[in-house]
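[1] next input, structure requested:
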Amino acid sequence: MNERLVAELSDMVRGVADQLGLELVDVELVKEGGVHYLRFFIDKAGGVGLDDCEAFHRAIEPLLDERDPIPHAYNLEVSSPGLDRPLKHDSDFERFAGEPVLIRCYEPWNGRRQWRGRLIGLREGDIVIAAADGEQRVPRAKIARVRLDPEF
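    Alright, predicted model coming up:
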C-alpha cells in the first residue's frame, strides 16, 4: 500500500512543483519513533532554499487537506534532497553522468551489495559505473537505491 500511496501523492503534487519551477525528486511516507512523516524532496537548477521549500509546502498543504489521501495523522516536511540526492528516474542517470555514485543492492550482486564509482549512465536496464575495478553493470532490478556520493 505504501508504494501505491507514495505514487499517488507524487502524481498529486507534481503539477504544483512544475508551476513553481521545481523538480519533485522524491516522496517518503515513513514512521519514525511512533510518528508518521510525509516528506517531499524538491530541487531546481542552482539548488533550493528555504523560500522554495516554504512556497511548495504552502501550495500543497491545502491540496493534501482537501483530498485527504493519508488515513492517519502525519507531519508534513519539505526539503532539499541534499548533496547525496537519490537517483530514481531515467533522466537522473543522464543528468548526473560523470558524477560519483553509491549503489546499494537488495542482495549481493557479483559478490557485493554496495558499489561505488562514477556514473556512466543507463544501458539496457542496467546502471553502469566506472568503478575502481573497471566498468560495472548492475541490473536496475537488483538495486535498492542509487545516490550521489559527493567527494569532499
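
[2] strands along this structure, start to end?
    23-32, 35-43, 75-79, 100-109, 112-123, 126-131, 134-139, 143-148 (DSSP state E).

[3] of these, which approaches H89 most closely?
    Relative to H89, the nearest member of the strands of the chain by Cβ to Cβ is strand 23-32, separated by 9.0 Å. Any C-beta I mention is one placed from the backbone N, CA and C, and that applies to glycine too.

[4] for the closest one, packing partners?
    With contacts taken as 3 or more Cβ pairs under 8 Å, 6 or more residues apart in numbering; DSSP states H and E, strand 23-32 sits against helix 2-19, strand 35-43.

[5] tilt between the last one and strand 75-79?
    If you take axes from the mean of the first three to the mean of the last three Cα atoms, to 10 degrees, strand 35-43 sits at 20 degrees to strand 75-79.

[6] ok, the longest one next?
    Interaxial angle of helix 2-19 relative to strand 75-79 (the same axes, to 10 degrees): 50 degrees.

[7] what's next to helix 2-19, contact-wise?
    With Cβ atoms under 8 Å, 6 or more residues apart in numbering as the contact definition, helix 2-19 has outside contacts at 23-24, 27-29, 38, 40, 42, 56, 59-60, 63-64, 67, 69-70.

[8] kindly report the same for stretch 80-92.
    Here stretch 80-92 makes contact (Cβ under 8 Å, 6+ apart) with 25-26, 41-43, 47-48, 53, 93, 96, 101-102, 119, 122, 145-150.

[9] in it, which residues are buried?
    Under the neighbour-count criterion of 16 or more other Cβ atoms under 10 Å, stretch 80-92 has 80-81, 85-87, 92 buried.
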